[in-house]
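J.: quick one, structure for this:
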Amino acid sequence: MDEDVETPRSHFEELRARARRDMAAIGITAPFIPLLVDTFYGRVRAHPQLGPVFEARLAGRWPEHMEKMKRFWSAVAFKDGGYGGKPVMAHQGIANLDAPLFQVWLGLFSATLDDIAPTPEAKAWFMATAGRIARSLVLSLFYNPADDDPALRSA
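T.: Below is the predicted model:
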């Protein structure tokens, strides 16, 4: 057997080790994830625009959602494989959810990171990541190719 061939397990272990190193370099450790999720979603629930949308979807299921979000952000930051959900499907059909609300979400996320991120680099990493996630969700949920058709725009 060729010993130069990397096994999938060692490849994933290296990805996780690199993620831990990268996160540590910007001041992020595993305990930051629950702090971020708990702080942010506490603010979401109290927010005049976001709160009602989330509450309508999650009433009676907040503890499960919080655990899922902790697994999600841990998987994103530390590549630990702890999240296996389908974010686009989870956001489909949410009453009163529209594309501009994602900017409100990002603004509140940014303000939360202003208050709790251990370093400016940590805030920048989380904001860049959240921005990519928000753009992906907006495109998946609301994009209409006809909006990019010049013939339809001029009509």
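
J.: what is the longest helix that the chain contains packed up against?
T.: Criterion DSSP state H: the longest helix present in the chain is helix 120-142. Judged by 3 or more Cβ pairs under 8 Å, 6 or more residues apart in numbering; DSSP states H and E, helix 120-142 is in contact with helix 87-91, helix 99-116. Backbone N, C-alpha and C define where each C-beta goes, glycine included.

J.: now do the same contact list for the most centrally placed residue in the chain.
T.: For the chain, A130 is the residue whose C-alpha lies nearest the centre (Cα atoms, centre = their mean; 5.0 Å). By Cβ atoms under 8 Å, 6 or more residues apart in numbering, the residues touching A130 are 106, 109.

J.: how far away is it from R43?
T.: 14 Å (Cβ to Cβ, to the nearest Å).

J.: before we move on, what about A25?
T.: 27 Å.

J.: the two: which is more packed in?
T.: A count of neighbours by other Cβ atoms under 10 Å puts R43 above the other of A25 and R43, at 16 against 12.

J.: state the helix or strand in which that one lies.
T.: helix 32-46 (DSSP states H and E).

J.: show me what that helix is packed up against.
T.: Checking 3+ Cβ pairs under 8 Å, 6+ apart, helix 32-46 ends up next to helix 50-58, helix 62-78, helix 99-116.

J.: what is the last one packed up against?
T.: Identification of packing neighbours for helix 99-116 by 3+ Cβ pairs under 8 Å, 6+ apart yields helix 32-46, helix 50-58, helix 120-142.

J.: tell me which residues in the longest one are buried?
T.: Under the neighbour-count criterion of 16 or more other Cβ atoms under 10 Å, helix 120-142 has 122-123, 125-126, 130, 133-134, 137-138, 141 buried.

J.: got the buried residues for stretch 77-88?
T.: 77-80.

J.: dump those into JSON lines; add distance to D38 as well.
T.: Listed next are the buried residues of stretch 77-88 as JSON lines, based on distance: Cβ to Cβ, whole Å:
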{"residue": "A77", "distance to D38": "15"}
{"residue": "F78", "distance to D38": "18"}
{"residue": "K79", "distance to D38": "22"}
{"residue": "D80", "distance to D38": "19"}
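
J.: run the chain-centre distance for the helix or strand where R21 lies.
T.: If you go by DSSP H and E, R21 is part of helix 8-25. Chain-centre distance of helix 8-25: 19 Å, with Cα atoms, centre = their mean, to the nearest Å.
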